[in-house]
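Undergrad: got a predicted structure here, sequence first:
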Amino acid sequence: MSPSPLYERVESVLAAGIADGSLSPETQLPPEDGLIERFKVSRTTVRKAIQNLVERGLVEVRRGKGTFVTQPRITQELTELTGFVEDMQALGRKPTARLLDKCVMAADEAVAHHLKLAPGTLVVRLQRVRLADGVAMSFDETYLPRELGE
């Protein structure tokens, strides 16, 4: 079995630093020359490793500023059904919501079908933005039977 290419080793070390938190989000990576010196590799090797990290979404290159660790992407495992609040708490984030609109309206065919109501029955529609640590993550539109929504 042949050893892994040098760029994979550089990529692996940097990715491990991101994963273990020693390179936290918004941290700037050392410039290319610093990485060349640290890993004793060529500029091409460093660039390939950085490009792979960009493709994986772990870092981003900001023209004229450098390469920075990105905020981790939030992913949801679909092995069990959980809510937004549970998901964000599990990731150590503070979940909140901002109410955009709340109104009473007549249920159309689709809403009535899902709520098992007659079309035209009054329902409450809530529109809100769900946030994690104050950052907008999703738009949520919920329809509730009027007695629950009020």
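TA: Structure received.
Undergrad: every contact and neighbour count from this point should use C-alpha atoms.
TA: Noted.
Undergrad: where's residue 121 relative to residue 108, distance?
TA: Per CA to CA, to the nearest Å, residue 121 is found 8 Å from residue 108.
Undergrad: buried sites along the helix-or-strand element of the chain with minimal mean pLDDT?
TA: Ranked by mean pLDDT, DSSP states H and E, the helix or strand of the chain with the weakest confidence is helix 146-149, at a mean of 82. The neighbour-count check on helix 146-149 (16 or more other CA atoms under 10 Å) flags residue 146 as buried.
Undergrad: sketch out the low-pLDDT regions of this structure for me.
TA: Counting by pLDDT under 70, the ranges of the chain that qualify are 1-2, 73-80.
Undergrad: helices of that one, residue ranges please.
TA: For the chain, applying DSSP state H gives helices covering 6-19, 32-39, 43-55, 84-90, 109-115, 146-149.
Undergrad: for the first one, packing partners?
TA: Judged by 3 or more CA pairs under 8 Å, 6 or more residues apart in numbering; DSSP states H and E, helix 6-19 is in contact with helix 43-55.
Undergrad: what does the helix it packs on rub up against?
TA: Applying CA atoms under 8 Å, 6 or more residues apart in numbering, the set of residues contacting helix 43-55 from outside is 6-8, 10-11, 15, 32-33, 35-36, 59-61.
Undergrad: ok now that helix, how far from the chain's centre?
TA: Chain-centre distance of helix 43-55: 23 Å, with CA atoms, centre = their mean, to the nearest Å.
Undergrad: same check on stretch 39-59?
TA: On the basis of CA atoms, centre = their mean, stretch 39-59 is displaced by 22 Å from the centre of the chain it belongs to.
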